[in-house]
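**Student:** Structure, please.
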Amino acid sequence: MINASFARVWFHDTLFTFEKVSKRASYLEAIEDMPLLDPPQVYGFHSNAEITYQTNTMRSILDTIVSIQPKESSGGTGETREDRVARSTREMQSKMPAPYDLYEVRERLRLMGHTSSMNIFLRQEIDRMQRIIILVRNTLKDLLLAIEGTIIMSEQLRDALDNIFNARVPAMWKRGSWLSSSLGFWFTELLERNQQFHNWCFGGRPVVFWMSGFFNPQGFLTAMKQEVARAHQGWALDQVTMHNDVLKVAAEECKKPPKEGVFVEGLFVDGAGWDRKLSRLIEATNKVLYVPLPVVHIYAINSVAPKNPKLYTVSVRRKNIFTT
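**Tutor:** Residues are numbered from 1 along each chain as shown. This next block holds a predicted model:
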């Protein structure tokens, strides 16, 4: 029914037109001049959909080219694959943070209130980051030893060597971590995520949280709801609903935390734009795929009100969440 309604609006005689001609050859010429691929607008998409399609296609082509390259090529620089990987490995080693002292973390959380739902969430995030830090440090150390011939190059280390050479994230690092388009972005995010956890644990609760830097952002929102519910006597968690307000300020302009709830940054709009003056969604700008949102105030209220009939419920689309 919906497709039929859309078809009546979109597909009509004026969709594809060309001048009337009298000769058959002219018709054939006009047909040949038609584009081989229909533009996204034919299907009701924004023109930016073409950029996403072409980007994904080109990425697939480049991945195929990389996968069939000879493994032993020096690239004309006199430097072998192993030499280049060893150099990149040492560079990452020099930037890797030290593992957390879990006893020190427990003491800090005890002083901050270890029964607080937000501090419990922080402990879970630090535990996950601890596993990633130890895994990456051990992989880098063993990879250098394997390149030097001190230990055997296992299948996992060979995978790490090939992926680091191609600027990709090794498979064993991706398991239990986060998705990223390249090794450089992934490693930078590791450092930034760890910095947020370290600052929170040893420097105090941040004014603005980088929400995309959490392993389990849904757990963060649940902890916030629990915190608000506990602050109000008689509030039941199953009756607490989450609300948000998109502010007009950047993270640097927030000097104090909200009275209730949290300020978050790091959220983006995909497929639309954002009007900062009017605080509302607008049509996407051509060639702009993602638009960063200002700081968002997320809070919870005690509400048993019926569902607003003016709201349209849609399915939630999100990436896989790794919590192990």
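**Student:** all strands for the stretch 151-300 of the chain, in order.
**Tutor:** Counting by DSSP state E, counting those that start in this stretch, the stretch 151-300 of the chain has strands at residues 208-210, 240-246, 262-265, 268-270, 273-275, 280-282, 290-292, 296-302.
**Student:** Switch those strands over to TSV; also include distance to residue 233 and mean neighbour count.
**Tutor:** Quick note: C-beta positions are derived from backbone N, CA and C, even for glycine. Formatted as TSV, these follow (distance: least, Cβ to Cβ, whole Å; neighbours: other Cβ atoms under 10 Å):
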stretch	distance to residue 233	mean neighbour count
strand 208-210	26	20
strand 240-246	13	14
strand 262-265	21	22
strand 268-270	38	13
strand 273-275	38	13
strand 280-282	36	12
strand 290-292	38	13
strand 296-302	11	18
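**Student:** Let's have these in a markdown table, adding distance to residue 165.
**Tutor:** What follows is the strands of the stretch 151-300 of the chain, written out as a markdown table (distance: least, Cβ to Cβ, whole Å):
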| stretch | distance to residue 165 |
| --- | --- |
| strand 208-210 | 31 |
| strand 240-246 | 42 |
| strand 262-265 | 34 |
| strand 268-270 | 31 |
| strand 273-275 | 39 |
| strand 280-282 | 42 |
| strand 290-292 | 29 |
| strand 296-302 | 40 |
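**Student:** What separation is there between residue 259 and residue 231?
**Tutor:** Per Cβ to Cβ, to the nearest Å, residue 259 is found 10 Å from residue 231.
**Student:** Residue 157 too?
**Tutor:** Residue 157 is 50 Å from residue 231, where distance means Cβ to Cβ.
**Student:** start to end distance for stretch 205-220?
**Tutor:** The straight-line separation of the ends of stretch 205-220 (Cα to Cα, to the nearest Å) is 13 Å.
**Student:** Give the bridge partners for residue 242, please.
**Tutor:** residue 300 (DSSP bridges).
**Student:** so what pLDDT did it get?
**Tutor:** Listed pLDDT for residue 242 reads 91.
**Student:** cool, the one 4 residues further on as well?
**Tutor:** Model confidence at residue 246, given as pLDDT, is 95.
**Student:** Same question for stretch 60-72: list its buried residues.
**Tutor:** For stretch 60-72, a neighbour-count test (16 or more other Cβ atoms under 10 Å) marks nothing as buried.
**Student:** What's the mean pLDDT across stretch 166-182?
**Tutor:** Stretch 166-182 shows a mean pLDDT of 92.
**Student:** so how far does that stretch reach from one end to the other?
**Tutor:** 9 Å.
**Student:** how distant is that stretch from the center of its chain?
**Tutor:** Taking Cα atoms, centre = their mean, to the nearest Å, the mean C-alpha location of stretch 166-182 is offset from the chain mean by 13 Å.
**Student:** Same check on stretch 205-216?
**Tutor:** Put simply, stretch 205-216 sits 13 Å off its chain's centre (Cα atoms, centre = their mean).
**Student:** which stretches of the stretch 1-150 of the chain have low pLDDT?
**Tutor:** For the stretch 1-150 of the chain, residues meeting the criterion pLDDT under 70 lie at 1-18, 71-78.
**Student:** quick one on the thing from earlier: and the strands of the stretch 151-300 of the chain: which comes nearest residue 36?
**Tutor:** Closest of the strands of the stretch 151-300 of the chain to residue 36 is strand 268-270, at 27.7 Å (criterion: Cβ to Cβ).
**Student:** other SSEs contacting the closest one?
**Tutor:** Packed against strand 268-270 by the contact rule (3 or more Cβ pairs under 8 Å, 6 or more residues apart in numbering; DSSP states H and E) you find strand 290-292.
**Student:** any idea of the mean pLDDT in the strand it packs on?
**Tutor:** Mean predicted lDDT for strand 290-292 stands at 93.
**Student:** hmm, who's touching that strand?
**Tutor:** 267, 268, 269, 270, 272, 273, 274, 284, 285 (Cβ atoms under 8 Å, 6 or more residues apart in numbering).
**Student:** ok, of those, which one's closest to residue 139?
**Tutor:** Nearest to residue 139 among those: residue 268, at 30.5 Å, using Cβ to Cβ.
**Student:** Show the contacting residues for that closest one.
**Tutor:** Residues in contact with residue 268 (Cβ under 8 Å, 6+ apart) are 290, 291, 292, 293.
**Student:** Okay, helices next: where are they in the stretch 1-150 of the chain?
**Tutor:** 2-10, 24-32, 48-67, 81-95, 102-112, 117-148 (DSSP state H, counting those that start in this stretch).
**Student:** Can you lay out these as JSON lines showing distance to residue 235?
**Tutor:** As requested, the helices of the stretch 1-150 of the chain are exported to JSON lines (distance: least, Cβ to Cβ, whole Å):
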{"stretch": "helix 2-10", "distance to residue 235": "40"}
{"stretch": "helix 24-32", "distance to residue 235": "68"}
{"stretch": "helix 48-67", "distance to residue 235": "43"}
{"stretch": "helix 81-95", "distance to residue 235": "45"}
{"stretch": "helix 102-112", "distance to residue 235": "23"}
{"stretch": "helix 117-148", "distance to residue 235": "13"}
